[in-house]
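next input, structure requested:
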Amino acid sequence: MNRGLKIVAMAMAAAFLMAALATYVRSTSAEAEGQLVGFVDSEMILATYAPAKEVNLALGALKKTSEDNLKKKVQEKYGAGDLSSLPEQDQMAVQKMIEEADAQYQKDMDKLREEKWTPIVKTVNDTIKQIADEQKITVVLDKGAVIYGGVDLTEGVTKKLTAK
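Residues are numbered from 1 along each chain as shown. I've put the predicted structure just below:
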């Protein structure tokens, strides 16, 4: 008798769990219903958006200028020879020059990003939101986060940005 009671109890517990699971699945499906997911290829958008290309070129030029200026300063002070053959004190001075040049480069790069890149990101994000709203899409992810499904908004975003 004890064994029969255990079987009935387990069957009731299993039925309860199945009912709870079915209720949960229906409620989450209802919540997700009506929510469309879109995605964009942000790399492609930024690669085709002229202002973004200009800022990337400016960042590249800034890096090259910084490297060229550092190289010129080191050569003026220590010559164009092998820096590893310099006395330890001079090697430390060169290392300090490199650190100072890197700090200045980071400062200049941060300024350029703040002045130029931040408005670009805002414009791109606003355009993505606009396209998503037009298509009644409530969630937009980057293409790299999508494994399956979703609506690709990339082309619409690039067209709208090009038209601006």
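
what is the burial count for Thr158?
Using other Cβ atoms under 10 Å, Thr158 has 21 neighbouring residues. For the C-beta atoms, the positions are set from N, CA and C on the backbone; glycine is no exception.

same check, this time on Leu86
Neighbourhood size, Leu86 [other Cβ under 10 Å]: 15.

could you do Ile128 as well?
23.

which helix or strand contains it?
Assessed by DSSP states H and E, Ile128 sits inside helix 118-134.

can you list the residues that contact the helix or strand just after that helix?
Next in sequence after helix 118-134, counting helices and strands by DSSP H and E, comes strand 137-142. Applying Cβ atoms under 8 Å, 6 or more residues apart in numbering, the contact partners of strand 137-142 are 34-42, 128-129, 132, 150-151, 153.

so strand 137-142 versus helix 118-134, what angle?
140 degrees (axes from the mean of the first three to the mean of the last three Cα atoms, to 10 degrees).

hey, where'd the helices end up in this structure?
Taking DSSP state H, the helices of the chain run over residues 2-32, 42-48, 50-78, 88-112, 118-134, 154-163.

columns distance to Gly144 and mean pLDDT on top of these, output as CSV?
Compiled in CSV, the helices of the chain are given as follows (distance: least, Cβ to Cβ, whole Å; pLDDT from 0 to 100):
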stretch, distance to Gly144, mean pLDDT
helix 2-32, 22, 42
helix 42-48, 8, 93
helix 50-78, 18, 91
helix 88-112, 25, 91
helix 118-134, 15, 96
helix 154-163, 12, 94
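
same list (the ones you listed) but as a markdown table, adding distance to Leu141.
Below are the helices of the chain laid out as a markdown table (distance: least, Cβ to Cβ, whole Å):
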| stretch | distance to Leu141 |
| --- | --- |
| helix 2-32 | 15 |
| helix 42-48 | 10 |
| helix 50-78 | 20 |
| helix 88-112 | 28 |
| helix 118-134 | 11 |
| helix 154-163 | 12 |
